[in-house]
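Visitor: Show me how the following folds:
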Amino acid sequence: MTTHQQVQVHRGLGCTAVFDPVGQTVTLFHFGILTNRHKRRMSPRMIPLGDVTAITHINGSRCRRGSVRLALRNGAGYHPSILRDLNGYFDLDGDTEGEMFAQTVSSFIGR
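Guide: Here you go, the predicted model:
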């Protein structure tokens, strides 16, 4: 995760998430051949923070890759499988960077 002028970038597996606290948005850039075609077509996906009700980060384990998922007020883009969920992506490292990103976004949601 890098920080530059309050904008935070989190790189996931086949996705880059950009949190802009000034613009009050999270933008998801889905890419890569292994990423679902529907996600790539909908990219970039700009999500206003006012529509986000929660953000979750699941730590990875030996059997399962970590993930980051945004829950929207109207449920737009949701799919039970994170592979097809437009608001979710797999965490590249599965630990601290994804958790820090989720905590930062979560602190702005509560405002």
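Visitor: Rounded mean pLDDT for stretch 29-37, please.
Guide: Averaging pLDDT along stretch 29-37 yields 90.
Visitor: buried residues in it?
Guide: By 16 or more other Cβ atoms under 10 Å, the buried positions in stretch 29-37 come out as Phe29, His30, Thr35, Asn36. Backbone N, C-alpha and C define where each C-beta goes, glycine included.
Visitor: Quick one: list the elements packing against the strand or helix carrying Thr27.
Guide: In this structure, Thr27 sits in strand 25-30 according to DSSP states H and E. When contacts are defined as 3 or more Cβ pairs under 8 Å, 6 or more residues apart in numbering; DSSP states H and E, strand 25-30 packs onto strand 15-20, strand 45-48.
Visitor: mind listing what it pairs with, with the direction of each?
Guide: Strand 25-30 sits in its sheet next to strand 15-20 (antiparallel), strand 45-48 (antiparallel), going by DSSP bridges.
Visitor: for the helices and strands packed on strand 25-30, which one sits closest to Thr96?
Guide: For the helices and strands packed on strand 25-30, distance to Thr96 was read as Cβ to Cβ. The smallest value, 15.2 Å, belongs to strand 15-20.
Visitor: Quick one: work out the angle between the longest helix seen in the chain and strand 25-30.
Guide: The residue-count maximum for a helix in the chain (DSSP state H) belongs to helix 96-109. With axes from the mean of the first three to the mean of the last three Cα atoms, to 10 degrees applied, the angle from helix 96-109 to strand 25-30 works out at 140 degrees.
Visitor: which secondary structure elements does helix 96-109 contact?
Guide: Counting by 3+ Cβ pairs under 8 Å, 6+ apart, helix 96-109 packs on strand 7-13, strand 15-20, strand 52-58, strand 67-72.
Visitor: Please compute how far the last one lies from its chain's middle.
Guide: Taking the mean C-alpha point of strand 67-72 and that of its whole chain, the gap between them comes to 6 Å (Cα atoms, centre = their mean, to the nearest Å).
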